[in-house]
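1. Sequence plus the predicted model coming up.
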Amino acid sequence: MDTSFKNPPLKRRKRPEDHEHHDRWLVSYADFITLLFAFFVVMYASSSINEKKYDALSNSLISAFAPVQTTEGDSKLDVKLKPSGEIAGTQTESSPILIDPLGLIRLKRDMAFIKREKMNRVEKDLTTALKPLIEDGKIGVMQTSKGVRIDIIDSYLFSPGSASVTSPAALNTLAQIAPILAKSDQAIDIEGHTDNQPINTKAFNSNWELSAIRATTVLNILNQKGISEARLSATGFGSSRPIESNDTAAGKAKNRRVSILLLSDSGQQPGSDITPAKLAQPLAQPATLPQTQHMETKSQ
């Protein structure tokens with residue numbers, strides 16, 4: 001008789017099911033809200049620029065990167081600041097010194113923003129001071145790629161064929177413009193322009209001479225009103241930079257003007273921001289007229 005018996009099968013224990021957390025989305029949501037809050041804080045901080053603080057930061061960086069000699073052990077590094085703002089270094093022995101390029105990029109961007117704000121302020125001040133004349137069409141104020149330009153029609157400043165400013169109203173207007181321009185330190189280029197009607201008088205042999213002398217006359221007045229001559233230059237363009245067609249009397253009247261251009265960048269070279277007119281026959285290059293201030297006559 002077989003007394004052996006089979007062991008009963010073992011039952012597997014069921015693992016308890018994991019409890020499903022329905023609130024797990026709160027973690028991701030909280031992270032998202034935190035990042036969103038940080039983003040808006042950064043945006044607000046970058047939009048609020050204190051001009052004095054950035055001027056102080058700029059001065060401190062310039063003094064920090066001025067020609068110095070640093071010693072690290074036996075290693076020496078000559079650091080110089082180029083006029084363009086770039087840093088040039090000559091290392092005598094290998095010793096890595098890191099400069100954060102992002103900091104310099106941010107500084108240049110912020111300084112460009114401040115420069116733009118200064119130009120906007122100058123344009124606003126000029127528009128407010130000259131509003132009646134702007135509405136009468138005698139003066140125009142606008143920002144261009146090179147800076148702020150003031151266009152004054154010649155009949156408001158000069159008599160026909162003359163280069164002398166004798167009108168008290170015109171002198172008073174230039175006296176209003178001078179202190180606004182004196183607040184900045186950018187270069188100022190005064191441009192003389194004429195229409196395409198030839199001129200040949202005892203005083204002026206051509207439109208080149210007339211435009212150059214008119215520009216110099218306005219330059220001298222601004223200099224007398226307190227603007228440093230180091231910032232001033234005068235250029236005669238003749239009829240080569242029209243802003244309207246010379247086919248009509250109204251267009252010719254607008255082309256006969258004196259433009260005062262406040263350059264946004266002190267490193268810019270004087271020169272009109274108006275595209276040269278296409279001429280049927282090329283004009284000969286005019287000679288530069290001798291003046292105490294820097295004055296040029298240019299042609300296309």
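-> Arrived safely.
2. residue ranges of the helices in the protein, please?
-> Counting by DSSP state H, the segments of the chain that form helices are 25-47, 51-64, 101-129, 131-135, 154-157, 168-182, 207-224, 249-255.
3. Look up how far residue 163 lies from residue 172.
-> Distance of residue 172 to residue 163, given as Cβ to Cβ, to the nearest Å: 19 Å. Every C-beta, even on glycine, is put in place using the N, C-alpha and C of the backbone.
4. before we move on, back to that, burial-wise, tell me which of the helices of the chain comes out on top.
-> helix 207-224 (a mean of 23; mean count of other Cβ atoms under 10 Å).
5. and it, what does it pack onto?
-> Judged by 3 or more Cβ pairs under 8 Å, 6 or more residues apart in numbering; DSSP states H and E, the packing partners of helix 207-224 are helix 154-157, helix 168-182, strand 188-193, strand 232-236, strand 257-263, strand 294-297.
6. at 6 Å what do you get?
-> strand 188-193, strand 232-236, strand 294-297 (3 or more Cβ pairs under 6 Å, 6 or more residues apart in numbering; DSSP states H and E).
7. Return the backbone torsion pair for residue 239.
-> phi -100, psi 10 (degrees, to the nearest 10).
8. Run a quick neighbour tally on it.
-> 23 (other Cβ atoms under 10 Å).
9. okay but it is in contact with residue 210, surely?
-> No. Between residue 239 and residue 210 there is no contact under Cβ atoms under 6 Å: 10.1 Å.
10. Could I get the pLDDT score of residue 246?
-> Listed pLDDT for residue 246 reads 92.
11. pretty sure it is touching residue 194, no?
-> No. Shown here, residue 246 and residue 194 do not form a contact pair, counting by Cβ under 6 Å, at 9.9 Å.
12. In terms of neighbours, single out the busier of the two.
-> residue 194 (27 against 16).
13. Excluding covalently adjacent residues, which one is nearest to that one?
-> Excluding its sequence neighbours, the residue lying closest to residue 194 (Cβ to Cβ, 6 or more residues apart in numbering) is residue 207, at 4.1 Å.
14. So that neighbour is in contact with residue 193, correct?
-> No. Between residue 207 and residue 193 there is no contact under Cβ under 6 Å: 8.9 Å.
15. quick one on the thing from earlier: could you export the helices of the chain as TSV, including distance to residue 145 and mean pLDDT?
-> Output for the helices of the chain, formatted as TSV (distance: least, Cβ to Cβ, whole Å; pLDDT from 0 to 100):
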stretch	distance to residue 145	mean pLDDT
helix 25-47	25	83
helix 51-64	23	66
helix 101-129	11	81
helix 131-135	21	93
helix 154-157	25	93
helix 168-182	19	94
helix 207-224	21	94
helix 249-255	20	92
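16. Could you dump these into CSV with distance to residue 142 added?
-> Shown next, in CSV, are the helices of the chain (distance: least, Cβ to Cβ, whole Å):
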stretch, distance to residue 142
helix 25-47, 26
helix 51-64, 24
helix 101-129, 8
helix 131-135, 10
helix 154-157, 17
helix 168-182, 14
helix 207-224, 18
helix 249-255, 13
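17. Which stretch among the ones you listed approaches residue 148 most closely?
-> Nearest to residue 148 among the helices of the chain is helix 101-129 (5.0 Å), distances taken as Cβ to Cβ.
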